[in-house]
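Trainee: Return a 3D structure for these sequence lines:
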Amino acid sequence: MNQSPAPRRLQHALAILAGAITLCWPAFYNRYPLLFPDSLGYIEAGPPVARAIFLHQLSAGYGMRSLIYALGILPFHWLVTPWPVVALHALITAWILWLVVRSVLPRNTATYFLAIIIILSALTSASWYVSLIMPDILGPALYLAIYLLVFARNTLSKTERIVLAIIACWAVASHATHLMLGGLICAALIILLARKSFRRHLRAIAEIAAILIVAALAQIALNAYLYGQPVLDARRPPYLTARVIGDGTGRDYLKTHCPQANLVLCDSVDHLPTNDDEFLWAEGSIWSTADEEKQQQLRREEIPFVLATIRAYPRAQLAKSLGNSWQQLTNFDIDDFDSNAWMDAALPNVIPGANIPYARSLQSRSALPENSFSTIQFWIVIASLLFVLISLPILWRHRSCKLFALSLLILPTVLANGVLTAVLSDLDGRYQARVIWLIPLLALLMLADHIPQRKIQTWSSSSTTTTPSPTTSSSTWAN
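Mentor: As a prediction, the model looks like this:
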């Protein structure tokens, strides 16, 4: 007898809740949500942005982080505690993972979902970025949402599609790389429309494009209102300038072409830093010591300076960019959760009284098992990647449409994330660690999808009197 809808929905809701709680284990283990110096910027920016929008009380500045993410998490912390933000991350991630698992494994979904989420939580960085007060976890949420809205649309209800679109829009607006990668995915999908088999996805792809456009327009409108500048990122540091100077090509260009280049950087040509962090964030750095007028000038000159550098040293810059990309792709360590003196001092000024519970955390003592966990995740990712690459031809032969589509979305996205962050910013394991867990997820889905087929094959080969039934796998081209 089939289970009635109400108990089944309750069972599913409890499974998602259990998965969300499982994803929070690093925060529970740490005894406090995980923080990064940027976390305080997101928390601090929320109230002045809210006052500007709802009370028309403009401020002189709002920080340089995503103001839409800062505004989104404000109702969940209210400058009291960041724990509800972790709960929000966990519920979003668990729910989207539930939809992904259900799209591939419609039978026994709860069992498969809990098994997959326990493994992901225990052995990959997914749970660490759920527990971190940063928009990093929303990147994978966006990419999985695109898969669901385009390739697994028939498994979603109308309400689920609407909620996914809202989450995806927030995710796009929460970080510049999410917008860039979402745009690249959308462009790739539009190119694939040239194939007749993809034309049935036209409406879904149009919706993804609309989500990206709405998120971008929301950012532009907010910056126009707050700063009087209709741009995507009004207060961003000149990351590209820092990158080419750190690579050495920018330093060579300035030393060769100043003062004829007539750039504001020529004033600092005799004491240029040797890496991008020293240019942007070090004490006494060129960027941090520049006044508002000089910072604006550095932003205006960024693209001309970078393009001039590339034209002057194309091979050298290409070699550096390729080396940076490889280094970024192969570095997905969990190593950003140590104590930080600046963050420790600033925390009580952002969340009054938060220094007391934070002082009891393992992070405040740099006692989190980052190195051990990074080693475990490295081998899990390598094994998962090998399994996925071996399984792709099998998926193609068995017409496992949804899993094959998910593979074609995840693998290039993880690759593009590494290249993009290496070219546009400094090299940091966090950039790749926040998406790398999608590869073990893909491997687990492939393994789970294979299990029922193996059982059916064993049963059919041992039976001599009964005609075997067709495969019950949900991931067929017909679906």
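Trainee: Would you indicate which residues of stretch 210-225 are buried?
Mentor: For stretch 210-225, burial by neighbour count (16 or more other CB atoms under 10 Å) applies to Ile211, Leu212, Ala215, Ala216, Ala218, Gln219, Ile220, Leu222, Asn223. In this view, the C-beta of every residue, glycine as well, is placed from N, C-alpha and C.
Trainee: Including secondary structure, pLDDT and distance to Pro82, could those residues go into CSV?
Mentor: Converted to CSV, those look like this (DSSP: H, G, I helix; E, B strand; the rest coil; pLDDT from 0 to 100; distance: CB to CB, whole Å):
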residue, secondary structure, pLDDT, distance to Pro82
Ile211, helix, 97, 27
Leu212, helix, 97, 29
Ala215, helix, 96, 24
Ala216, helix, 95, 28
Ala218, helix, 95, 24
Gln219, helix, 93, 24
Ile220, helix, 94, 29
Leu222, helix, 94, 23
Asn223, helix, 91, 25
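Trainee: can I get these in CSV with distance to Ala60?
Mentor: Output for these, formatted as CSV (distance: CB to CB, whole Å):
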residue, distance to Ala60
Ile211, 32
Leu212, 31
Ala215, 26
Ala216, 25
Ala218, 22
Gln219, 20
Ile220, 21
Leu222, 16
Asn223, 15
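Trainee: Looking at those, which is nearest Leu99?
Mentor: Ile211 (16.3 Å; CB to CB).
Trainee: how much space between the closest one and Arg8?
Mentor: Distance, Ile211 to Arg8, by CB to CB, to the nearest Å: 30 Å.
Trainee: Leu67 too?
Mentor: The value you get for Leu67 to Arg8, if CB to CB is used, is 41 Å.
Trainee: Check Arg199 too.
Mentor: 35 Å.
Trainee: who's in contact with stretch 359-376?
Mentor: Here stretch 359-376 makes contact (CB atoms under 8 Å, 6 or more residues apart in numbering) with 26, 29-32, 34-35, 123, 128, 332-335, 337-339, 344, 358, 429.
Trainee: redo that, cut-off 6 Å
Mentor: Where contact means CB atoms under 6 Å, 6 or more residues apart in numbering, the residues beyond stretch 359-376 that reach it are Asn30, Arg31, Tyr32, Leu123, Asp333, Ile334, Asp335, Phe337, Asp338, Ser339, Tyr358.
Trainee: List the buried residues of it.
Mentor: Ser361, Leu362, Gln363, Ser364, Leu368, Glu370, Phe373, Ser374.
Trainee: again, but for stretch 308-319
Mentor: Buried-residue list, stretch 308-319, by 16+ other CB under 10 Å: Ala308, Thr309, Ile310, Tyr313, Gln317.
Trainee: Residue for residue, what is the longest helix this structure has?
Mentor: helix 370-397 (DSSP state H).
Trainee: Please name every helix or strand in contact with the helix or strand following that one.
Mentor: Using DSSP states H and E, the next helix or strand after helix 370-397 towards the C-terminus is helix 401-424. For helix 401-424, the packing partners by 3 or more CB pairs under 6 Å, 6 or more residues apart in numbering; DSSP states H and E come out as helix 83-104, helix 138-151, helix 314-329, helix 429-436, helix 438-462.
Trainee: Report the mean confidence score over the fourth one.
Mentor: The reference is to helix 429-436. In this model, helix 429-436 has a mean pLDDT of 94.
Trainee: so how far is that helix off the chain centroid?
Mentor: 8 Å (CA atoms, centre = their mean, to the nearest Å).
Trainee: who's in contact with that helix?
Mentor: Residues outside helix 429-436 that contact it (CB under 6 Å, 6+ apart): 125, 129, 136, 139-140, 328, 331-336, 381, 414, 417-418, 421.
Trainee: Using CSV, write down the CA coordinates of that helix.
Mentor: Extracted C-alpha coordinates of helix 429-436, given in CSV (Å, rounded to 0.1, in the frame of the first residue of the first chain):
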residue,chain,number,x,y,z
GLY,A,429,42.5,27.2,-1.3
ARG,A,430,39.2,28.6,-0.2
TYR,A,431,38.2,29.5,-3.7
GLN,A,432,38.4,26.0,-5.0
ALA,A,433,37.4,24.2,-1.7
ARG,A,434,34.0,25.9,-1.8
VAL,A,435,33.0,24.1,-5.0
ILE,A,436,35.2,21.0,-5.0
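Trainee: what's the angle from that helix to helix 314-329?
Mentor: For helix 429-436 against helix 314-329, the angle by axes from the mean of the first three to the mean of the last three CA atoms, to 10 degrees is 60 degrees.
Trainee: in helix 429-436, what counts as buried?
Mentor: Residues of helix 429-436 classed as buried: Gly429, Arg430, Tyr431, Gln432, Ala433, Arg434, Val435, Ile436 (neighbour count, 16+ other CB under 10 Å).
Trainee: Quick check: the farthest pair among the residues you listed?
Mentor: Across the buried residues of helix 429-436, no pair lies farther apart than Gly429 and Val435, at 11.7 Å, counting by CB to CB.
Trainee: quick one: low-confidence parts of this protein?
Mentor: 1-4, 197, 398-400, 452-479 (pLDDT under 70).
Trainee: Break it into its domains for me.
Mentor: Domain assignment for the chain by automatic domain parsing gives 5-236+330-462, 239-327.
Trainee: Single out the most deeply packed of the ones you listed.
Mentor: With neighbours defined as mean count of other CB atoms under 10 Å, these peak in mean count at domain 5-236+330-462, which reaches a mean of 18.
Trainee: Quick one: distance of that domain to the chain centre.
Mentor: 5 Å.
Trainee: Begin at 27, not 1, for the rest of this chat.
Mentor: Let's use 27 as the start, then, which means that last one is domain 31-262+356-488.
Trainee: so how far is Cys50 from Leu43?
Mentor: Taking CB to CB, one finds Leu43 at 11 Å from Cys50.
Trainee: What of Ile192?
Mentor: 22 Å.
Trainee: For stretch 421-428, measure first residue to last.
Mentor: Terminal residues of stretch 421-428 are spaced 9 Å apart (CA to CA, to the nearest Å).
Trainee: same thing with stretch 311-320?
Mentor: 13 Å.
Trainee: now do stretch 306-322
Mentor: Start-to-end, stretch 306-322 (CA to CA) is 14 Å.
Trainee: For Ala442, see how far away the residue positioned nearest the centre of the chain is.
Mentor: By CA atoms, centre = their mean, the chain has its centre lying nearest to Gly165, at 2.5 Å. From Gly165 over to Ala442 the distance is 11 Å, taken as CB to CB.
Trainee: now the helices for the stretch 27-176 of the chain?
Mentor: 31-49, 51-56, 63-80, 93-103, 109-130, 135-149, 152-156, 164-177 (DSSP state H, counting those that start in this stretch).
Trainee: Check the stretch 227-376 of the chain too.
Mentor: Under DSSP H, counting those that start in this stretch, the stretch 227-376 of the chain gives helices at 228-253, 265-273, 275-283, 302-306, 318-338, 340-355, 367-376.
Trainee: What lies in contact with the second one?
Mentor: What that stands for is helix 265-273. Gly276, Arg277, Asn301, Asp302, Phe305, Leu306, Glu328, Val332, Thr335, Lys346, Leu450, Ser451.
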